[in-house]
Structure formats: structure tokens, C-alpha cells
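In: next one to model:
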Amino acid sequence: MAAWCYARSNVNGWAADRRKDAAEADRLAKHAVGLASDSNILCLTGAALAFAVCDVEGGADLIDQSISLNPNIAWAWSYRGWIRIHLGQWETALEHFDRALRLSPLDPLKYNMHAGIAFAHLLAGHYDQTKVWVDRALRAQPNYLPSVRISMVTDVWTGRVEEAKNTMIRMRKLDPALRLSNLKEAVPLRQAEHFARYEEGMRKAGLPN
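Out: Prediction:
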């Protein structure tokens, strides 16, 4: 859980020093797996590796192991969806989020799944669907940074640059440390073309170097 908390901290922009936190998350995750490897531990440590340490591939391996032990963990399917997004596999990601929502339709973190669906549609160029799902995520949790960033980049890609710039002002209050120079630590997209386009969207919205 401590390792997972670092993942949540990084995703939500709470980390004062992302690299220091990543090193501690890596240590805690590997220690936890060394103590026991049940499905819940593998799920949470996989999330920590993927989203605090930015070891997306290592996190994917642990999440896959978690699901192989227990295919009914909604969080594992949700994190698997996010991992597939970061690996550039948006179609598979949508399947995983659908599975997560069917397993836990009243999940208190359902906005996280909705944001993931929005991100998958964004990478696919399905902007109407992106808007539907990201608005749903933001209604549930308006300060969830992945949703805020997805909404902002969607506005840039669909020509609503002024709206994106207004959102950037609010986002920078939520995460003042985020810069173009450390964007990949917060959004570790592995496909170069996906990251380049995402980065350009953030640049046009006004994220500083």
C-alpha cells in the first residue's frame, strides 16, 4: 500500500520530488513482492512500478500475474487498461476497462476507469467519445489530473485552444511542478508518436518548459 500511495501521489501531482519518490516506490514494491506474491500485492505493486517508477513493462508483468491468480480484481483490470494505453494498445485498453467496470460497477474510483476510456479514445482520434467519457470522469472528480489533462489536450486537438489555455491555468494550480521537461515522468507513453502529439498539445495549451 505504501508503494501504491507513491503511484497515486505521482498521478495526482502531489510529489515534491518525483524522482526521489520513484526510487522509494521501487524499493517498497520490490520488497513487498519479495515478502509475498498474492494477487492483491501483485496488483498494487504493479501499479506502483508502472505509475510511480514509470517502469510500465515491469508493472505490466506484475498486473498480468495478479490477474492470472485472480481474474476478478477490478483494479487489476483497470490498471491493465492504463498500462495498455501507455504501451499504445488503445483497443485492448478499452476491453480491459469494460471488464473492470463490469466487475465493479459501483467502484468509488470509477472516475479513474472513465478517464482511462477517454484517454484510449483520445489516442484513437475518437474525439466525440473522448469528450463523453472525460466529462463523465470530471463530474465525479473534477480535480483528477489525468482527466484534466485529457480534457485539455482534446480541446487543443479539436481547435479549442483558448479553452485549453483556461484549463491549463487551473491545472497548474493543482500541479505547479509539472513542466514539459518532466511530462514523461507523469505520462510515460511508450509510443513516440503518441507522446510527441500529447506533448505538443500540452505545449499549445501553455505548459512551460
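In: residues in contact with S9?
Out: Going by CB atoms under 8 Å, 6 or more residues apart in numbering, S9 touches 15, 21, 52. C-beta: built from backbone N, CA, C; applies to glycine.
In: just the closest of the residues you listed to L69, please.
Out: L69 has its nearest neighbour among the contacts of S9 in A52, at 22.2 Å by CB to CB.
In: dihedrals phi and psi, that closest one?
Out: Dihedral pair for A52: phi -110, psi -40, per degrees, to the nearest 10.
In: out of the contacts of S9, who has the most neighbours?
Out: For these, counting by other CB atoms under 10 Å, the largest number of neighbours falls to A52: 29 neighbours.
In: what's the spacing between it and R19?
Out: Distance of A52 to R19, given as CB to CB, to the nearest Å: 11 Å.
In: how is this protein carved up into domains?
Out: Annotated domains of the chain cover 1-71, 109-209 [automatic domain parsing].
In: could I get the ones you listed as CSV with distance to I85 and mean pLDDT?
Out: Listed next are the domains of the chain as CSV, based on distance: least, CB to CB, whole Å; pLDDT from 0 to 100:
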stretch, distance to I85, mean pLDDT
domain 1-71, 10, 93
domain 109-209, 5, 96
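In: in TSV, list the ones you listed along with distance to L87.
Out: Below are the domains of the chain laid out as TSV (distance: least, CB to CB, whole Å):
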stretch	distance to L87
domain 1-71	6
domain 109-209	5
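In: returning to what we had before: closest one of the contacts of S9 to T45?
Out: For the contacts of S9, the nearest to T45 is A52 (10.1 Å; CB to CB).
In: quick one: contacts for the closest one?
Out: So A52 contacts 3, 6-7, 9-10, 21-22, 25-26 (CB under 8 Å, 6+ apart).
In: D26 too?
Out: For D26, the contacting residues are 48-49, 52-53, 55, by CB under 8 Å, 6+ apart.
In: now intersect these with the helices, please.
Out: Counting by DSSP state H, the part of those found in helices is 48-49.
In: most surrounded residue in the contacts of D26?
Out: Of all the contacts of D26, the highest neighbour tally under other CB under 10 Å goes to A48, namely 32 neighbours.
In: now for the contacts of A52: which two are most distant?
Out: S9 and D26 (13.8 Å).
In: which stretches in the chain count as helices?
Out: Using DSSP H, helices in the chain cover 2-11, 18-35, 39-51, 56-69, 74-86, 90-103, 110-124, 127-140, 145-157, 161-174, 183-186, 192-205.
In: buried ones in the second one?
Out: In terms of neighbour count (16 or more other CB atoms under 10 Å), helix 18-35 has its buried residues at 18, 21-22, 24-26, 28-29, 32-33.
In: closest one of those to S151?
Out: Of the buried residues of helix 18-35, the one sitting nearest to S151 (CB to CB) turns out to be R18, at 22.5 Å.
In: list the contacts for the closest residue to that closest one other than its chain neighbours?
Out: Once flanking residues are discounted, R18 sits nearest to E185: 4.9 Å by CB to CB, 6 or more residues apart in numbering. Applying CB under 8 Å, 6+ apart to E185 gives the contacts 10, 18-19, 22, 54.
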